[in-house]
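Engineer: fold the following and give me the result.
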Amino acid sequence: QVQLQESGPGLVKPSQTLSLTCTVSGGSITTNYDYWSWIRQPPGKGLEWIGSIDYSGNTYYSPSLKTRTSISRDTSKNQFTLQLSSVTPEDTAVYYCARDPQKVLGTGGMDYWGKGTLVTVSS
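Structural biologist: Numbers count the residues shown, from 1 in each chain. I've put the predicted structure just below:
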């Protein structure tokens, strides 16, 4: 069974870069046709898709976050990473990584999720 685990700082200061890593076990991030996504949920709000990286390393970003987002991967460690720059308190959310086997590139259709990690943006 595929398992995903998010890791990274729980507190980031405004204007800095948020950086999170998702470690995948029980499956490979290079498996054909799988997409690996970052999704977040601000307090009291719905899920928001941030972006994805596919099995070949191609990246896809939400238009609303594209200018601040970078997703990369380390295949030797079976990890993929989110970087979100110039953060503000509005970026405070629970951040999830998930597998998207159907190339939904949204918040639906994920079959495996990490437990999520709360990131607070505050000085």
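Engineer: what about the helices in this structure?
Structural biologist: In the chain, no helices are found when defined by DSSP state H.
Engineer: for residue 52, which non-adjacent residue is spatially closest?
Structural biologist: Nearest residue to residue 52, sequence neighbours excluded (CB to CB, 6 or more residues apart in numbering): residue 37, at 4.2 Å. For the C-beta atoms, the positions are set from N, CA and C on the backbone; glycine is no exception.
Engineer: ok, residue 99 next?
Structural biologist: Nearest residue to residue 99, sequence neighbours excluded (CB to CB, 6+ apart): residue 112, at 4.5 Å.
Engineer: just give the number of residues close to residue 104.
Structural biologist: Using other CB atoms under 10 Å, residue 104 has 14 neighbouring residues.
Engineer: residues contacting the residue nearest to it when sequence neighbours are not counted?
Structural biologist: Excluding the flanking residues, the one nearest residue 104 by CB to CB, 6+ apart is residue 110, at 7.5 Å. Residues counted as contacts of residue 110 (CB atoms under 8 Å, 6 or more residues apart in numbering) are 37, 39, 98, 99, 100, 104.
Engineer: and what of residue 118?
Structural biologist: 10, 93, 94, 95.
Engineer: same thing but at 7 Å, please
Structural biologist: 10, 94 (CB atoms under 7 Å, 6 or more residues apart in numbering).
Engineer: okay, and the beta partners of it?
Structural biologist: Taking DSSP bridges as the rule, residue 118 bridges to residue 94.
Engineer: what's the pLDDT at the residue positioned nearest the centre of the chain?
Structural biologist: Against the mean C-alpha coordinate of the chain, by CA atoms, centre = their mean, the closest residue is residue 38 at 2.2 Å. Residue 38 is assigned 98 on the pLDDT scale.
Engineer: what sits against it?
Structural biologist: Taking CB under 7 Å, 6+ apart as the test, what residue 38 contacts is 50, 51, 71, 82, 95, 97.
Engineer: now do the contacts for the third one.
Structural biologist: Meaning residue 71. For residue 71, the contact set (CB under 7 Å, 6+ apart) comprises 38, 51, 53, 59, 80, 81, 82.
Engineer: nice, that's everything, thank you.
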